[in-house]
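Engineer: no sequence for this one, just the structure:
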């Protein structure tokens with residue numbers, strides 16, 4: 001996991017420009033406001049697109065990611081937004097270390113899927129990082145999406161100064177999809193080629209519920225992402241919320 005998003009970091013924001021981060025931040029904000037959260041840790045924050053938006057909404061944010069390359073982009077993004085004192089730390093989400101507990105822990109955009117094992121380590125680490133009554137928010141790409149939508153399929157896309165080919169191989173016995181991402185980023189008059197291997201675990205709702213309970217969480221709720229509706233069998237992203245006693 002620490003090798004992923006190294007070469008890709010330079011072009012990540014360009015290739016993800018169509019993601020509705022404003023809408024995503026508003027969705028998370030709804031849960032945080034209902035919980036009365038003030039201080040928030042975002043794990044697997046990447047280049048900080050959500051971290052910065054949530055900080056602008058008034059939360060005392062800390063961003064954490066295992067890729068220092070991604071964090072370099074996050075720090076610059078915060079500076080560009082006038083958020084000089086928004087901290088970003090290089091940290092494994094399974095071993096959270098904070099100076100003091102927070103009101104909420106957030107992990108968005110597949111951070112949990114990248115945990116091939118140790119999902120309970122993340123939940124237990126988040127539990128320790130939360131204040132009593134604190135809220136854990138995370139989403140996953142569903143098992144349906146990883147096995148069927150991505151599956152053994154290949155995707156390609158181009159932009160004004162980038163292109164990529166995304167090849168997937170799903171392993172039913174392992175409940176895992178392996179991804180080979182070949183990208184091209186314009187640099188001057190030529191293109192630089194990079195290649196990265198990623199793997200994601202296809203966790204089921206039942207597996208994650210059981211791991212949350214064994215880690216001490218209660219009031220576990222699951223929604224089809226970006227709604228407050230129960231997930232359907234073909235929901236591609238699941239949003240979880242859970243409370244610390």
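Structural biologist: Thanks, I have the structure now. What you see is a predicted model; the values in this text were computed from it and never measured.
Engineer: need the contact list for the nearest residue to residue 64 once chain neighbours are set aside.
Structural biologist: Setting aside the residues directly before and after it, residue 64 is nearest to residue 91 in space (C-beta to C-beta, 6 or more residues apart in numbering), at 4.3 Å. In this view, the C-beta of every residue, glycine as well, is placed from N, C-alpha and C. By C-beta atoms under 8 Å, 6 or more residues apart in numbering, the contact set of residue 91 is 43, 64, 65, 66, 97.
Engineer: 10 Å instead?
Structural biologist: Each residue near residue 91 by C-beta atoms under 10 Å, 6 or more residues apart in numbering is listed here: 41, 43-45, 62-66, 71, 97-98, 125.
Engineer: Buried by neighbour count, from the residues you listed: which ones?
Structural biologist: 41, 43, 44, 45, 62, 63, 64, 65, 66, 71, 98, 125 (16 or more other C-beta atoms under 10 Å).
Engineer: Now the residue nearest to the third one when sequence neighbours are not counted: phi and psi?
Structural biologist: Read it as residue 44. Leaving aside its sequence neighbours, residue 44 sits nearest to residue 111 (C-beta to C-beta, 6+ apart; 2.9 Å). Main-chain torsions, residue 111, degrees, to the nearest 10: phi -50, psi -40.
Engineer: neighbours around residue 111, how many?
Structural biologist: 23 (other C-beta atoms under 10 Å).
Engineer: That one is in contact with residue 67, isn't it?
Structural biologist: No: with contacts counted by C-beta atoms under 10 Å, residue 111 stays clear of residue 67, the gap being 11.4 Å.
Engineer: Which is the succeeding secondary structure element to the lowest-mean-pLDDT helix or strand in the chain?
Structural biologist: Confidence across the helices and strands of the chain bottoms out at helix 12-15, with a mean of 80, counting by mean pLDDT, DSSP states H and E. Using DSSP states H and E, the helix or strand that follows helix 12-15 in sequence is helix 21-35.
Engineer: Quick one: distance of that following helix to the chain centre.
Structural biologist: Put simply, helix 21-35 sits 14 Å off its chain's centre (C-alpha atoms, centre = their mean, to the nearest Å).
Engineer: how close does the closest residue to residue 23 other than its chain neighbours get to residue 145?
Structural biologist: Residue nearest to residue 23 in three dimensions, not counting chain neighbours: residue 226, with 7.0 Å by C-beta to C-beta, 6+ apart. Distance of residue 226 to residue 145, given as C-beta to C-beta, to the nearest Å: 14 Å.
Engineer: Give the burial count for the residue lying closest to residue 12 once chain neighbours are set aside, as a bare number.
Structural biologist: Leaving aside its sequence neighbours, residue 12 sits nearest to residue 47 (C-beta to C-beta, 6+ apart; 5.7 Å). Counted by other C-beta under 10 Å, the residues lying close to residue 47 total 25.
Engineer: how close does residue 47 get to residue 85?
Structural biologist: For residue 47, the distance to residue 85 - C-beta to C-beta - is 18 Å.
Engineer: Who are the contact partners of residue 84?
Structural biologist: Contacts of residue 84 (C-beta under 10 Å, 6+ apart): residue 78.
Engineer: need the helices for this protein, in chain order.
Structural biologist: For the chain, the helices defined by DSSP state H occupy 12-15, 21-35, 49-56, 68-80, 119-129, 143-144, 205-214.
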